[in-house]
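*Asks:* After the sequence you'll find the predicted model.
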Amino acid sequence: MVYFAFGETMIDSESAEILRQNAQKLKEDPQLVVTLVGHTDNLGSAAYNLAVADKRIEAVSDRLRSLGVPRSQIRRLPVGSEQSSKQACDSEACRRTMRRVELVYERR
(Lines give C-alpha, C1' and ligand atoms only; values in the text may rest on other atoms or scores of the structure.)
Protein backbone atom coordinates (compact mmCIF):
# COMPACT_ATOMS: atom_id res chain seq x y z
CA MET A 1 0.00 0.00 0.00
CA VAL A 2 1.01 3.56 -0.66
CA TYR A 3 -0.13 6.19 1.85
CA PHE A 4 -0.70 9.91 1.27
CA ALA A 5 -0.88 13.04 3.39
CA PHE A 6 -4.17 14.95 3.65
CA GLY A 7 -5.19 16.28 0.23
CA GLU A 8 -1.87 15.17 -1.30
CA THR A 9 -1.07 13.17 -4.40
CA MET A 10 2.74 13.25 -4.13
CA ILE A 11 4.63 10.00 -3.60
CA ASP A 12 7.12 10.16 -0.72
CA SER A 13 10.46 8.34 -0.64
CA GLU A 14 9.13 5.40 1.40
CA SER A 15 6.29 4.87 -1.07
CA ALA A 16 8.69 5.26 -4.01
CA GLU A 17 10.68 2.29 -2.70
CA ILE A 18 7.50 0.22 -2.26
CA LEU A 19 6.54 1.01 -5.85
CA ARG A 20 10.03 0.16 -7.11
CA GLN A 21 9.68 -3.30 -5.53
CA ASN A 22 6.19 -3.76 -6.99
CA ALA A 23 7.39 -2.68 -10.44
CA GLN A 24 10.13 -5.30 -10.30
CA LYS A 25 7.57 -7.96 -9.37
CA LEU A 26 5.34 -6.97 -12.29
CA LYS A 27 8.19 -6.87 -14.80
CA GLU A 28 9.38 -10.32 -13.73
CA ASP A 29 5.91 -11.84 -14.25
CA PRO A 30 4.00 -10.51 -17.28
CA GLN A 31 0.96 -12.62 -16.29
CA LEU A 32 0.42 -10.48 -13.19
CA VAL A 33 -1.98 -7.56 -13.32
CA VAL A 34 -2.24 -4.98 -10.57
CA THR A 35 -5.42 -3.04 -9.80
CA LEU A 36 -4.74 0.29 -8.12
CA VAL A 37 -7.56 0.93 -5.65
CA GLY A 38 -7.64 4.55 -4.51
CA HIS A 39 -9.11 5.47 -1.12
CA THR A 40 -9.50 8.75 0.74
CA ASP A 41 -10.42 9.71 4.26
CA ASN A 42 -13.99 10.56 5.21
CA LEU A 43 -13.54 14.34 5.03
CA GLY A 44 -14.81 16.27 2.00
CA SER A 45 -17.58 15.61 -0.48
CA ALA A 46 -17.92 12.34 -2.35
CA ALA A 47 -17.06 14.05 -5.65
CA TYR A 48 -13.94 15.70 -4.20
CA ASN A 49 -12.78 12.44 -2.62
CA LEU A 50 -13.30 10.51 -5.84
CA ALA A 51 -11.22 13.10 -7.73
CA VAL A 52 -8.42 12.92 -5.14
CA ALA A 53 -8.49 9.11 -5.23
CA ASP A 54 -8.20 9.20 -9.02
CA LYS A 55 -5.24 11.61 -8.88
CA ARG A 56 -3.48 9.37 -6.35
CA ILE A 57 -4.01 6.36 -8.61
CA GLU A 58 -2.62 8.36 -11.51
CA ALA A 59 0.50 9.23 -9.49
CA VAL A 60 1.05 5.57 -8.59
CA SER A 61 0.36 4.41 -12.16
CA ASP A 62 2.74 7.03 -13.58
CA ARG A 63 5.48 5.92 -11.19
CA LEU A 64 5.01 2.25 -12.07
CA ARG A 65 5.08 3.07 -15.79
CA SER A 66 8.22 5.19 -15.35
CA LEU A 67 9.81 2.10 -13.80
CA GLY A 68 9.03 0.04 -16.90
CA VAL A 69 5.67 -1.59 -16.10
CA PRO A 70 3.51 -1.85 -19.24
CA ARG A 71 0.13 -0.11 -19.17
CA SER A 72 -1.51 -3.47 -19.93
CA GLN A 73 -0.54 -4.71 -16.45
CA ILE A 74 -2.16 -1.78 -14.60
CA ARG A 75 -5.86 -1.29 -13.87
CA ARG A 76 -7.48 1.57 -11.97
CA LEU A 77 -10.33 1.64 -9.44
CA PRO A 78 -10.96 4.92 -7.62
CA VAL A 79 -13.39 4.40 -4.74
CA GLY A 80 -12.81 7.66 -2.83
CA SER A 81 -14.34 7.61 0.62
CA GLU A 82 -17.40 5.55 -0.29
CA GLN A 83 -15.98 2.25 0.97
CA SER A 84 -13.43 3.76 3.35
CA SER A 85 -16.02 5.79 5.24
CA LYS A 86 -17.80 2.65 6.42
CA GLN A 87 -15.18 2.62 9.17
CA ALA A 88 -15.89 4.71 12.24
CA CYS A 89 -12.98 7.09 11.90
CA ASP A 90 -12.76 10.29 13.90
CA SER A 91 -9.03 10.66 14.60
CA GLU A 92 -6.21 11.87 12.38
CA ALA A 93 -4.33 8.60 12.95
CA CYS A 94 -7.29 6.64 11.61
CA ARG A 95 -7.83 8.99 8.66
CA ARG A 96 -4.16 8.69 7.74
CA THR A 97 -4.65 4.94 7.17
CA MET A 98 -7.62 5.67 4.90
CA ARG A 99 -5.63 7.88 2.49
CA ARG A 100 -4.04 5.17 0.38
CA VAL A 101 -3.74 3.32 -2.89
CA GLU A 102 -3.91 -0.44 -2.52
CA LEU A 103 -2.13 -2.65 -5.03
CA VAL A 104 -4.29 -5.73 -5.63
CA TYR A 105 -2.75 -8.50 -7.75
CA GLU A 106 -4.34 -11.13 -9.94
CA ARG A 107 -3.26 -13.40 -12.78
CA ARG A 108 -4.49 -12.96 -16.34
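*Replies:* That came in fine, so what should we check first?

*Asks:* which residues of the protein fall in strands?
*Replies:* Assigned by DSSP state E, the strands in the chain fall at 2-3, 32-39, 74-80, 100-107.

*Asks:* Quick one: closest of those strands to residue 90.
*Replies:* Comparing the strands of the chain by their distance to residue 90 (C-beta to C-beta), the top pick is strand 32-39, with 16.8 Å. All C-beta atoms are positioned from the backbone trio N, CA, C, and that covers glycine.

*Asks:* wait, isn't residue 41 in contact with residue 99?
*Replies:* Yes - the pair residue 41 / residue 99 is scored as a contact, 5.3 Å apart, by C-beta atoms under 8 Å.

*Asks:* what comes up buried for the helix or strand of the chain with the lowest mean pLDDT?
*Replies:* Of all helical and strand segments in the chain, the minimum by mean pLDDT, DSSP states H and E falls on helix 92-98, at a mean of 88. Going by neighbour count (16 or more other C-beta atoms under 10 Å), the buried part of helix 92-98 is 95, 98.

*Asks:* What of stretch 95-108?
*Replies:* Across stretch 95-108, burial judged by 16+ other C-beta under 10 Å covers 95, 98, 99, 100, 101, 103.

*Asks:* for the residue lying closest to the first one once chain neighbours are set aside, phi and psi?
*Replies:* Excluding its sequence neighbours, the residue lying closest to residue 95 (C-beta to C-beta, 6 or more residues apart in numbering) is residue 41, at 3.8 Å. The phi/psi pair for residue 41 (degrees, to the nearest 10) reads phi -80, psi -180.

*Asks:* Quick one: neighbours of residue 41, just the number.
*Replies:* Residue neighbour count, defined by other C-beta atoms under 10 Å, stands at 24 for residue 41.

*Asks:* Then the one 5 residues further on?
*Replies:* Counted with other C-beta under 10 Å, the burial measure for residue 46 works out to 12 neighbours.
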